[in-house]
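Student: Output the structure for:
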Amino acid sequence: MPSSSDLPPDRLAIGQLLVRLLRLFRDDLAAPAADRGYDDIREVHYQIFGNIRTGGIRLTELAARAQLSLAAASELVNDLAALGYLTRRPDPQDGRAKLIDLTARGQGLLADAGDRVADIEQRWGAAVGSHAFADMCKTMQALLDELDPEQARG
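Tutor: The predicted structure is shown next:
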């Protein structure tokens with residue numbers, strides 16, 4: 001069985017790499033939010049926005065995708081609904097259930113965030129080389145496809 005002494009000495013362990021890069025990514029993503037009229041968004045809200053599905057999603061699925069308890073996800077959804085980013089509507093498949101969906105304001109935020117992600121990817125690619133960055137992304141996608149195929153592309 002491998003041990004920590006078997007890890008390459010010239011880099012951080014994978015968990016540290018992922019956590020630190022995620023922190024840098026989230027900080028970079030949020031940096032211009034206030035300038036674009038989203039100064040009411042907190043970092044924790046990105047867990048919800050990063051897991052919303054077009055066409056609506058049930059709270060139980062959203063909480064599972066965001067890796068949050070139902071109570072925490074519900075509180076965040078309530079916050080974002082009060083701020084005008086999300087709405088709840090009846091699920092056409094089950095009238096007792098509700099779907100959480102984006103409002104026009106929420107769609108605008110996601111569109112702006114998508115543009116910011118494209119900018120981050122371009123800058124990070126330039127930092128390490130576009131081919132190396134593309135290879136890294138392809139490898140991470142292949143790993144996610146293998147380890148969690150149900151959630152890998154959604």
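Student: Every contact and neighbour count from this point should use C-alpha atoms.
Tutor: Will do.
Student: in the biggest strand by length in the chain, what's buried?
Tutor: Longest strand in the chain by number of residues, with DSSP state E as the criterion: strand 94-102. Buried residues in strand 94-102, counted by 16 or more other Cα atoms under 10 Å: 98-102.
Student: again with stretch 23-40
Tutor: Going by neighbour count (16+ other Cα under 10 Å), the buried part of stretch 23-40 is 25, 29-30, 33, 38.
Student: go on, stretch 80-90?
Tutor: 80-81, 85-88.
Student: Extract the C-alpha set from that stretch and format it as CSV.
Tutor: Extracted in CSV, the C-alpha atoms of stretch 80-90 (Å, rounded to 0.1, in the frame of the first residue of the first chain):
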residue,chain,number,x,y,z
LEU,A,80,-30.9,33.8,-3.4
ALA,A,81,-34.7,33.9,-4.0
ALA,A,82,-35.0,36.9,-1.7
LEU,A,83,-32.2,38.6,-3.6
GLY,A,84,-34.0,38.0,-6.9
TYR,A,85,-31.7,35.4,-8.4
LEU,A,86,-33.8,32.2,-8.0
THR,A,87,-37.5,31.3,-8.0
ARG,A,88,-39.5,28.3,-7.0
ARG,A,89,-42.2,26.9,-9.3
PRO,A,90,-44.3,23.7,-9.3
